[in-house]
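In: return atomic coordinates for the entry below.
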Amino acid sequence: MKSQILSELIALIFSEKPRHSEVIFIHAWGDLFEEILAHAAKMYKQCAAKYIVLNGLENYELYKPGFSDWKDSLTKNYGVSREMILAINPAYNTGEEARELMNFIAARQIKSVLIISVPQHIIRAFLTDLGAMCEKGLSLDLNCSTFDHVAWHEKIEVESDSPGGSQEITTRLGRFGSEILRIIEYRKAVEEGNKNFVIASIEEGLMYLKRKK
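Out: I've put the predicted structure just below:
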């Protein structure tokens, strides 16, 4: 039953049609970052958004591009005005990003947000943002989007979750699978009262998206 609910959630997220959103938020990720910036710029125009919001961290992975580089790329390569690109406080993982995003949204009384991330991360990103939204007591039109075409079996190098950890060599499909395991692990931590984690359940994510249809 749980796998059926997960499959339905994945199908809904990957078929989600972006609607008008005041803000587009891009979750930081090292792999496919130029592709995700191109997609975000496209959605920025399609959704008639006011701002693109980024993680304020200057390096999203060790020695890799961060806020300033992404902002430069959005401006120079995709024609987004610099003053329309804003930052949340620097955040070192998806949970911190989600909480800082909700602080940003609450301070500006924003009502609609489009979440963007790479395909292998979009499920956990959406559920984490939904969990942070509920934790903050906000009522938002929270949408999500990723791009369709990705080389799932291509080998990639991913920074370890542990501080100072080694690089993980995997495929994007392998990383997608490990992201599902993270969802289960982090949700269990939330249910056990661990305040270091914030993530909605698979069931809550599915219910939220179905209500919007």
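
In: for this structure, longest helix please?
Out: When the chain is parsed with DSSP state H, its longest helix is helix 172-191.

In: for it, buried residues please.
Out: Residues of helix 172-191 classed as buried: 172, 174-176, 178-179, 182-183, 186-187, 190 (neighbour count, 16 or more other Cβ atoms under 10 Å). (Glycine included, C-beta is placed from N, CA and C.)

In: and which of those is nearest to E35?
Out: R172 (11.6 Å; Cβ to Cβ).

In: ok, now which ones touch that closest one?
Out: 31, 119-120, 150-154, 156 (Cβ atoms under 8 Å, 6 or more residues apart in numbering).

In: and if you look at A125?
Out: Here A125 is in contact with 27, 94, 98, 115, 117, 144 (Cβ under 8 Å, 6+ apart).

In: pretty sure it sits in a helix.
Out: Yes: assessed with DSSP: H, G, I helix; E, B strand; the rest coil, A125 lies in a helix.

In: how about the nearest residue to it, chain neighbours excluded?
Out: S117 (4.2 Å; Cβ to Cβ, 6 or more residues apart in numbering).

In: phi, psi of that neighbour?
Out: phi -150, psi 170 (degrees, to the nearest 10).

In: against E83, how distant is it?
Out: S117 is 24 Å from E83, where distance means Cβ to Cβ, to the nearest Å.

In: picking that back up, just the ones in strands from the contacts of R172, please.
Out: Judged by DSSP state E, strands contain the following of the contacts of R172: I156.

In: which one of the contacts of R172 sits closest to F67?
Out: Looking across the contacts of R172 and measuring by Cβ to Cβ, the closest to F67 is D31, at 17.4 Å.

In: now the closest residue to the closest one other than its chain neighbours, which residues is it bridged with?
Out: Distances taken as Cβ to Cβ, 6+ apart put I156 closest to D31, at 5.1 Å, once the chain neighbours are dropped. I156 forms beta bridges with T170, as assigned by DSSP bridges.

In: which ones are touching I156?
Out: 31, 169-172, 175.

In: report the contact partners of K50.
Out: 22-23, 84.

In: rewinding a little: and the buried residues of helix 172-191, which is closest to Q109?
Out: Out of these, the member with the shortest distance to Q109 (by Cβ to Cβ) is V190, at 26.8 Å.

In: my read: that closest one touches N196, true?
Out: No: the pair V190 / N196 is not scored as a contact, 9.3 Å apart, by Cβ atoms under 8 Å.

In: which of the contacts of A125 fall in helices?
Out: Counting by DSSP H, the part of the contacts of A125 found in helices is 94, 98.

In: which residue in the contacts of I156 has the weakest pLDDT?
Out: In terms of pLDDT, I169 ranks lowest among the contacts of I156, with 87.

In: quick check: closest non-adjacent residue to that one.
Out: E157 (5.8 Å).
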